[in-house]
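Undergrad: fold the following, please.
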Amino acid sequence: MKKSSPKLVRQVLAVLGLLGLALVLFENRSSLGQFLPLLTKLRWYVLASVVVIQLGSYWLNGLYYRSILRIFNYDVNTTRLFAGALATNFVNYLVPSAGLAGAGYLSQVLAPKVPRGVSVLVQLMRYAFSALAVLLMMPVGFVLIDAESGKSGHSLLRVTLLSAIGITILAVGLVILVQHEQLLRRAIHAVMKQLKRLFRSLNEDKLINFVDQFYVGYHAMTSNKRRMLQPFGWSILYIVVEIATFYMAFLAFGKTIDPGIAVMAYLFANIVSIFGGVIISTGVFELGMAGTLIALGVDFPLAVAVTTVYRIMNLLIGLPPGYVFYRYFLSSTHSLSPDAHEPEIEDGQIDSTHQTPR
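TA: Numbering: from 1, shown residues only. Next up, the predicted model:
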């Protein structure tokens with residue numbers, strides 16, 4: 001069978017990305033319709049600050065990537081990582097997969113310098129650190145919320161704690177699975193054996209090399225636990241900046257609320273999107289955010305207006321440039337090429353030809 005040319009594949013993916021962006025805007029047409037009249041009520045200097053700070057949050061993601069890649073002895077330009085963060089966010093929004101699509105796409109951004117297994121590990125650790133940061137921020141939100149929250153606050157507390165327990169159990173389960181390397185390898189081999197009966201062209205050697213790269217990165221990470229504090233610090237700072245951006249949406253309307261309410265609304269919206277994002281990406285985050293605000297006593301019209309403005313601003317700031325960088329990385333010479341060089345793993349170490357001094 002004749003293989004599809006990399007150029008054709010890139011063109012198809014570029015068109016799909018553009019169609020996806022159009023679909024996102026279409027799905028959010030009602031919010032866009034509500035957003036335009038709200039502009040007359042907003043303080044423009046606050047919105048301008050939101051744009052700058054929101055772009056800054058993507059730069060923080062780039063700093064996270066750079067700090068964790070240096071643990072694996074890879075030095076990638078922060079500007080490229082900033083662009084990669086925008087492109088990865090674009091892919092995650094268009095392909096609801098709880099972030100797995102973004103993890104795969106990041107390997108295209110970093111290829112061929114960084115092995116794909118390491119790239120996926122880097123993105124999965126970003127999700128893990130973000131989840132841990134969310135869990136650590138919850139007590140802050142509860143402390144800041146006024147005691148006058150009443151029963152709604154207590155109901156939210158129970159729901160949030162149950163969600164946090166679910167995230168923790170899932171995370172612990174994944175860690176246990178990864179730590180049992182031989183068990184995971186046997187499971188992958190069994191799955192590949194079944195898949196090869198259906199798809200004879202599957203290359204098991206490439207998957208084995210991917211797993212080797214993943215575990216080389218994993219062992220490098222676990223042997224440098226102290227150095228993991230820096231990328232974790234960037235993850236916490238990212239969450240703080242995002243919450244501050246959300247709070248500024250209230251300031252844009254000339255309103256102030258208990259900061260704890262803003263903290264809990266943002267955190268709960270993220271928790272809801274973790275579970276709902278596997279199926280759909282549009283509406284889950286917004287529903288969780290607006291519902292939390294209303295449950296904690298924010299007036300319904302203000303809760304809906306703030307959620308609409310925050311989310312639309314988030315989409316307009318992130319998705320258009322995200323699509324531009326998505327196209328850029330697709331057009332890179334190494335991207336999706338069947339002949340692209342994939343760094344090999346030798347003697348349990350990352351290929352020394354891709355190492356840089358610490």
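Undergrad: so what touches stretch 249-268?
TA: 41-43, 46-47, 50, 134, 137-138, 140-146, 156, 159-160, 163, 242-243, 246-247, 288-289, 292-293, 296-298, 302, 305-306, 309-310, 313 (C-beta atoms under 8 Å, 6 or more residues apart in numbering). (Each C-beta comes from the backbone N, C-alpha and C, glycine too.)
Undergrad: let's go with 7 Å and repeat that
TA: 41-43, 46-47, 134, 137-138, 140-141, 143-146, 156, 160, 242-243, 246-247, 288-289, 292-293, 296, 298, 302, 305-306, 309-310 (C-beta atoms under 7 Å, 6 or more residues apart in numbering).
Undergrad: how about stretch 224-232?
TA: Residues external to stretch 224-232 that are found in contact with it (C-beta under 7 Å, 6+ apart): 64, 67-68, 71, 129, 221.
Undergrad: so which of the residues you listed is the closest to Val122?
TA: Ile68 (5.5 Å; C-beta to C-beta).
Undergrad: residues near the closest one, how many?
TA: The tally of other residues near Ile68 (other C-beta atoms under 10 Å) stands at 27.
Undergrad: hang on, the earlier thing: what about the contacts of stretch 224-232, which are in helices?
TA: Using DSSP state H, the subset of these located in helices is 64, 67-68, 71, 129, 221.
Undergrad: neighbour-wise, which one of the residues you listed leads?
TA: The most crowded member of those, judged by other C-beta under 10 Å, is Ile68 (27 neighbours).
Undergrad: which residue is the nearest non-sequential neighbour of it?
TA: Counting by C-beta to C-beta, 6 or more residues apart in numbering, Ile68 lies nearest to Pro231, which is 4.1 Å off, once chain neighbours are set aside.
Undergrad: average pLDDT for stretch 194-214?
TA: For stretch 194-214, mean pLDDT is 69.
Undergrad: cool, stretch 293-303 as well?
TA: On average, stretch 293-303 scores 84.
Undergrad: return the set of buried residues in it.
TA: For stretch 293-303, burial by neighbour count (16 or more other C-beta atoms under 10 Å) applies to 293-298, 303.
Undergrad: return the member of those residues nearest to Gln54.
TA: Distances from Gln54 to the buried residues of stretch 293-303, taken by C-beta to C-beta, are shortest for Leu293, at 19.6 Å.
Undergrad: which ones are touching that closest one?
TA: Counted by C-beta under 7 Å, 6+ apart, Leu293 has contacts 261, 265, 303, 307.
Undergrad: tabulate those residues (JSON lines), appending distance to Val216 and secondary structure.
TA: JSON lines is the format used below for those (distance: C-beta to C-beta, whole Å; DSSP: H, G, I helix; E, B strand; the rest coil):
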{"residue": "Ile261", "distance to Val216": "45", "secondary structure": "helix"}
{"residue": "Ala265", "distance to Val216": "40", "secondary structure": "helix"}
{"residue": "Ala303", "distance to Val216": "48", "secondary structure": "helix"}
{"residue": "Thr307", "distance to Val216": "43", "secondary structure": "helix"}
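Undergrad: most neighbours of all the residues you listed, which one?
TA: Compared across the contacts of Leu293, Ala265 has the highest neighbour count, 30 neighbours, by other C-beta under 10 Å.
Undergrad: before we move on, the earlier item: quick check: phi and psi on the residue nearest to Ile68?
TA: Dihedral pair for Pro231: phi -60, psi -30, per degrees, to the nearest 10.
Undergrad: please report how far it lies from Val175.
TA: Here the distance between Pro231 and Val175 works out to 17 Å (C-beta to C-beta, to the nearest Å).
Undergrad: check Leu315 too.
TA: Leu315 is 33 Å from Val175, by C-beta to C-beta.
Undergrad: repeat that for Gly102.
TA: 20 Å.
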